[in-house]
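Visitor: How does the following fold in three dimensions:
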Amino acid sequence: MAICSKRHSSCGTVVALAAALWCGQGALAEDDYTLGQGLRFDDIKISGYLTVEGEIPEDGKSELLVDDLSLFVQGRFNRFFNPFFEAEIASMPVLKEGEAPFSGGDAKIILERLYNDTYLRDNLVLRLGKSLTPIGEWNGIHAGPLVPTTSRPLTTYRGFSEFISGASIIYTPRNENLPVATLYWQPDGGLSHDFDAIENRVFHNIKGMNLSWTWDLENTVGLSLQHADVTGSSEKQILVGFNAHLVTGNMEWRTELTKSWLDNPRAMRVRDDEFGAFVQGTYNIGERWSLHGRYEYFQDRDYIQASENAILGFSYRPKPPVVWKLEYAFQWGQELNIEQGLLASLAILF
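Guide: Prediction:
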């Protein structure tokens, strides 16, 4: 949807969502509504988040945009009917160097997630619909208020589909030493178009599994395996992934890596494999301030030269659901989706 010609519609949607949340907050004031906890109406919970980003690249135009305005609706009714819905307005320009306000780009209204959970047992769930692909940690918690930096590592999305539309089985063992296991299958294309999908990298017939171990609430280790067909070609890929999030005192370490092998690759590919990995450290100075550093290496299937980037920055949380972030991105080699320059953001959970 072009903001230049339809910005009043998009802005009207933003205002309507904000007004609904504000009015709902006022209506539930007597019930001690807490920012970040959403609004609850019996078995239905309404929540969401807002992320506003500013970018000052070394080579390119400075920009301020609403990166995400998301609305969640979640129902918990019985064993069989537990729907979840997420829609968002994404990439809505506010100011861009050399452009009129609310122009210089297109905003998109996106169906992010739409699924239902059926509890076959108390620890065995059948999920049908569109949901996040369980590869790594970042893709599962990708909302701006929940991730540590404004920029997203390439490894967390570039080599696979961020969403699956199909069936998932999620098993949570009663023995906490065993991993949560997820098996999933997408037989055809997605339930809705993924606007952020990379050209010539749209997948279907996706089959995969994920194992995730958690201990002491915050520490996680995960393993992923996936097979997928590339739409519009005879290309297929097998992907393996590893992720870890470890907390020791004030220090947090995050890492993810993915490795893909291509079968019958398209002629445009310069290699028949792909590899990405990053390591990120966060030092928490009390409950509000955090320092962040990250290094990433990504060897893309479509380029001879590898891409490298590094992030240095900090974040400030005046309240748990509100976070300000400021960071500088360094970039070497093939430029993919991270430009060298200054990045800042404000993210709020409703």
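Visitor: what about Leu349, how many residues close to it?
Guide: For Leu349, the neighbour count with other C-beta atoms under 10 Å is 21. No exception for glycine: its C-beta is placed from N, CA and C like everyone else's.
Visitor: my bad, should have said Pro153
Guide: 27.
Visitor: Could you double-check that it sits in contact with Glu256?
Guide: Yes - with contact defined as C-beta atoms under 8 Å, Pro153 and Glu256 form a contacting pair (7.0 Å).
Visitor: Now for those two: what residues contact both?
Guide: Common neighbours of Pro153 and Glu256, counting by C-beta atoms under 8 Å, 6 or more residues apart in numbering, are Trp138, Phe278.
Visitor: if we look at stretch 268-287, which residues are touching it?
Guide: With contact meaning C-beta under 8 Å, 6+ apart, stretch 268-287 is reached by 148-149, 153-155, 158-159, 200, 235, 250-262, 265, 290-304, 311, 317.
Visitor: tell me which residues of it are tucked away?
Guide: Within stretch 268-287, the residues that count as buried by 16 or more other C-beta atoms under 10 Å are Arg269, Glu274, Phe275, Gly276, Ala277, Phe278, Val279, Gln280, Thr282, Asn284.
Visitor: Could you look up the SS state of the second one?
Guide: Assigned state for Glu274: strand (three-state reduction, DSSP: H, G, I helix; E, B strand; the rest coil).
Visitor: Check the gap between it and Arg121 for me.
Guide: 38 Å (C-beta to C-beta, to the nearest Å).
Visitor: do the same with the last one
Guide: Distance, Asn284 to Arg121, by C-beta to C-beta: 38 Å.
Visitor: before we move on, back to that, quick check: which of the buried residues of stretch 268-287 has the minimum pLDDT.
Guide: Lowest in pLDDT among the buried residues of stretch 268-287 is Arg269, which has 95.
Visitor: got the phi/psi numbers for it?
Guide: Dihedral pair for Arg269: phi -70, psi 140, per degrees, to the nearest 10.
Visitor: from memory Asp169 sits against Leu126, does it?
Guide: Quick fix: residue 169 reads Ile, not Asp. Yes - between Ile169 and Leu126 there is a contact under C-beta under 8 Å: 6.1 Å.
Visitor: one step back: report the two of the buried residues of stretch 268-287 separated the most.
Guide: Greatest spatial distance in these: Arg269 and Asn284, 41.6 Å, computed using C-beta to C-beta.
Visitor: On the pLDDT front, check the residue lying closest to Gly60 once chain neighbours are set aside for me.
Guide: Using C-beta to C-beta, 6 or more residues apart in numbering and skipping the chain neighbours, the partner closest in space to Gly60 is Glu339 (6.1 Å). With respect to pLDDT, Glu339 scores 95.
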